[in-house]
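Engineer: next come a sequence and a model predicted from it.
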Amino acid sequence: MPSFEPSRAYDLGSLVELAMANNPKTRSALFSALAAEAAAGESRSPYWPQLSAQFLGGYDKWYTPATVAPDFFRRQQATTVLSIEYLLLDFGRRAADVSRAVALFEASGLLFDRKVQEVVFSVQSRFFAHEAALTKESAAVAMLEAAGTAMETTRLEVENGLSARPELLRSKRNLMDAEYELAAARALTRNTLGDLCVVVGLPANAPVKLSAKTSPATTAPLREDVGGLIQKALAIRPDLAAKAEEVRASEAATRRAGADFLPEVRLEGNYAYSAFQYDSETGPRSNSNAAGINGYGAFLNVEWDLFDGFERVERLRKKSAEEQAARENLAAARLDASRDVWTSYHDTLSAARRIDSAEAFVASAQENFSAIEASSRTGLSQVAELAEAASLLAEARFERAEALAIYSTTLAELALAVGSVK
């Protein structure tokens with residue numbers, strides 16, 4: 001199981017691997033699945049004979065009335081009893097219990113798979129958000145540098161009479177705005193890194209180091225017909241399969257409630273050995289005796305509850321209603337899955353189009369900055385215009401990084417909605 005290494009630089013894949021080992025949600029789901037597996041094994045135990053042993057030993061003194069005089073006696077006794085019981089016929093009770101336990105075990109395993117998919121998505125979304133925050137921080141640094149340069153240049157121009165004081169005041173205001181944006185960007189970077197640490201299963205202040213940025217994902221593998229994606233989700237999503245197993249468990253519980261109306265047939269047997277010493281005294285006479293006695297027995301036991309105040313009737317009604325509720329829950333989950341795929345699919349396509357717009361925004365801002373920078377060298381553009389162009393370029397680059405993060409996140413959401421998270 002991988003453990004956190006402070007000196008290591010983690011990429012997205014290694015962070016997912018770390019989350020699989022350290023996130024409490026995955027471990028909790030795993031232990032729930034293991035408990036369900038043990039419950040399935042426990043449900044099979046009634047198919048085996050039940051064997052028990054008992055030992056009784058001690059001393060007592062008492063008397064019994066007699067015509068001549070009371071008969072006082074003292075006893076020392078040691079008895080060992082072995083008993084065996086085997087359920088021959090239960091008319092489906094055991095089979096129903098096993099079916100229900102196995103179905104719940106299968107559901108628990110499927111829910112574990114879904115929990116793993118959810119954790120993978122959580123790591124992906126936090127990772128993309130942190131990458132966008134880092135880009136915003138870099139853009140804020142560039143904006144602050146441009147604002148500082150513009151203010152210093154404007155201050156020199158004011159001192160030389162080339163600019164008016166209001167221009168200097170505006171430059172100072174732009175500088176303060178840039179300082180505020182940088183502080184906010186750095187706070188966002190720290191917060192997104194803390195969120196990433198927590199979802200990986202580490203404290204928010206863990207010194208996690210990240211490697212170079214990953215390339216943006218592509219929607220090509222999932223750009224199928226949305227109807228096909230919905231059908232795929234209904235076929236492979238683990239949480240839907242878990243709901244189907246819960247329906248099977250409810251069906252087994254209903255069969256179990258119906259079987260309670262029938263009798264149970266058991267075979268019972270026992271063997272006992274008792275060793276004792278017996279001393280008695282009746283009037284002037286006394287005698288003692290010691291012996292060991294073997295005892296055994298075999299019985300066919302038939303139990304049939306004929307009337308229980310309609311308890312079994314109401315229990316059967318309850319289990320039947322729970323079975324129908326489980327079926328409706330499965331139907332509702334399938335509808336929710338189709339909505340999840342539909343929404344995520346169109347969000348992904350919209351995010352892909354947003355990347356195209358962001359790329360055009362960056363290209364336009366870069367062209368504008370280059371033109372103003374060239375003009376400033378010939379004195380045709382003012383420093384304030386150059387600073388504004390630099391700020392616009394930094395904003396465009398942040399917009400592109402945010403668009404890439406949203407694009408990657410919506411693609412991860414679509415994979416989660418379909419159930420194809422790896």
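Structural biologist: That came in fine, so what should we check first? Residues are numbered from 1 along each chain as shown.
Engineer: what helices or strands is the helix or strand containing residue 234 leaning on?
Structural biologist: Using DSSP states H and E, residue 234 sits in helix 226-236. For helix 226-236, the elements it packs on are helix 311-378, helix 383-418, judged by 3 or more CB pairs under 8 Å, 6 or more residues apart in numbering; DSSP states H and E. Quick note: C-beta positions are derived from backbone N, CA and C, even for glycine.
Engineer: the residue nearest in space to the middle of the chain in helix, strand or coil?
Structural biologist: The centroid of the chain falls nearest to residue 115 when counting by CA atoms, centre = their mean (3.7 Å). Secondary structure for residue 115, judged by DSSP: H, G, I helix; E, B strand; the rest coil, is helix.
Engineer: returning to what we had before: following element in sequence after the helix holding residue 234, please.
Structural biologist: Tracing the chain C-terminally past helix 226-236 and defining elements by DSSP H and E, one meets helix 238-259 next.
Engineer: pLDDT (mean, whole number) over stretch 252-268?
Structural biologist: Averaged across stretch 252-268, pLDDT comes to 95.
Engineer: okay, buried residues for that stretch please.
Structural biologist: Of the residues in stretch 252-268, 252, 253, 254, 255, 256, 257, 258, 259, 260, 264, 265, 266 count as buried by neighbour count, 16 or more other CB atoms under 10 Å.
Engineer: and the first one, how far is that from residue 233?
Structural biologist: Right, the one you point to is residue 252. The spacing between residue 252 and residue 233, counted by CB to CB, to the nearest Å, is 27 Å.
Engineer: now the fifth one
Structural biologist: Taking CB to CB as the measure, residue 256 and residue 233 are separated by 33 Å.
Engineer: quick one, phi/psi of the closest residue to residue 405 other than its chain neighbours?
Structural biologist: For residue 405, ignoring the flanking residues on the chain, the nearest one in space by CB to CB, 6 or more residues apart in numbering is residue 132 at 3.7 Å. For residue 132, the backbone dihedrals are phi -60, psi -40 (criterion: degrees, to the nearest 10).
Engineer: tell me where the model's unsure across this structure.
Structural biologist: Flagging of the chain using pLDDT under 70 yields the residue ranges 1, 66-70, 162-164, 212-224, 282-285, 376-384, 422.
Engineer: A strand includes residue 58, no?
Structural biologist: Yes. Counting by three-state DSSP, residue 58 is part of a strand.
Engineer: check contacts around it.
Structural biologist: Residues in contact with residue 58 (CB atoms under 8 Å, 6 or more residues apart in numbering) are 76, 77.
Engineer: partner residues bridging it?
Structural biologist: Beta-bridge partners recorded for residue 58 (DSSP bridges): residue 77.
Engineer: look up how far residue 27 lies from it.
Structural biologist: In this view, residue 58 and residue 27 are 51 Å apart by CB to CB.
Engineer: check residue 359 too.
Structural biologist: For residue 359, the distance to residue 27 - CB to CB - is 42 Å.
Engineer: residue 10 now?
Structural biologist: 20 Å.
Engineer: likewise for residue 83?
Structural biologist: Taking CB to CB, one finds residue 83 at 42 Å from residue 27.
Engineer: now residue 204
Structural biologist: Residue 204 is 19 Å from residue 27, by CB to CB.
Engineer: what do you get for residue 333?
Structural biologist: The gap separating residue 333 from residue 27 is 25 Å, by CB to CB.
Engineer: of these two, which one has the most company?
Structural biologist: residue 333 (18 against 14; other CB atoms under 10 Å).
Engineer: what angle sits between the strand or helix carrying residue 180 and helix 383-418?
Structural biologist: Taking DSSP H and E as the criterion, residue 180 maps to helix 165-200. Angle, helix 165-200 to helix 383-418, by axes from the mean of the first three to the mean of the last three CA atoms, to 10 degrees: 20 degrees.
Engineer: which helix or strand lies directly C-terminal to helix 165-200?
Structural biologist: strand 209-210.
Engineer: so what touches that next one?
Structural biologist: Residues from elsewhere that reach strand 209-210 (CB under 8 Å, 6+ apart): 6, 7, 8, 9, 10, 11, 130.
Engineer: if we use 7 Å, what do you get?
Structural biologist: Outside strand 209-210, the residues that touch it by CB atoms under 7 Å, 6 or more residues apart in numbering are 8, 9, 10.
Engineer: among those residues, which ones are in strands?
Structural biologist: Per DSSP state E, strands hold the following members of these: 9, 10.
Engineer: which one among the contacts of strand 209-210 gets closest to residue 418?
Structural biologist: The closest of those to residue 418 turns out to be residue 10 (CB to CB; 26.6 Å).
Engineer: would you mark the buried spots in stretch 304-324?
Structural biologist: 312, 315, 316, 319, 320, 322, 323.
Engineer: contacts only, for the last one.
Structural biologist: Read it as residue 323. Counting by CB under 7 Å, 6+ apart, residue 323 touches 250, 251, 254.
Engineer: which ones are touching the first one?
Structural biologist: The reference is to residue 250. Shown in contact with residue 250 (CB under 7 Å, 6+ apart): 322, 323, 326.
Engineer: one more pass at 8 Å, please.
Structural biologist: Each residue near residue 250 by CB under 8 Å, 6+ apart is listed here: 319, 322, 323, 325, 326, 327.
Engineer: distance of the second one from residue 250?
Structural biologist: Relative to residue 250, residue 322 is positioned 5 Å away (criterion: CB to CB).
Engineer: before we move on, what about the first one?
Structural biologist: Distance, residue 319 to residue 250, by CB to CB: 7 Å.
Engineer: all helices for the stretch 1-150 of the chain, in order.
Structural biologist: Remark: helices assigned in the stretch 1-150 of the chain by DSSP state H, counting those that start in this stretch are 12-22, 24-43, 93-159.
Engineer: buried ones in the shortest one, by neighbour count?
Structural biologist: In terms of neighbour count (16+ other CB under 10 Å), helix 12-22 has its buried residues at 12, 14, 15, 16, 17, 18, 19, 20, 22.
Engineer: pick out whichever of those residues sits closest to residue 299.
Structural biologist: Of the buried residues of helix 12-22, the one sitting nearest to residue 299 (CB to CB) turns out to be residue 20, at 55.3 Å.
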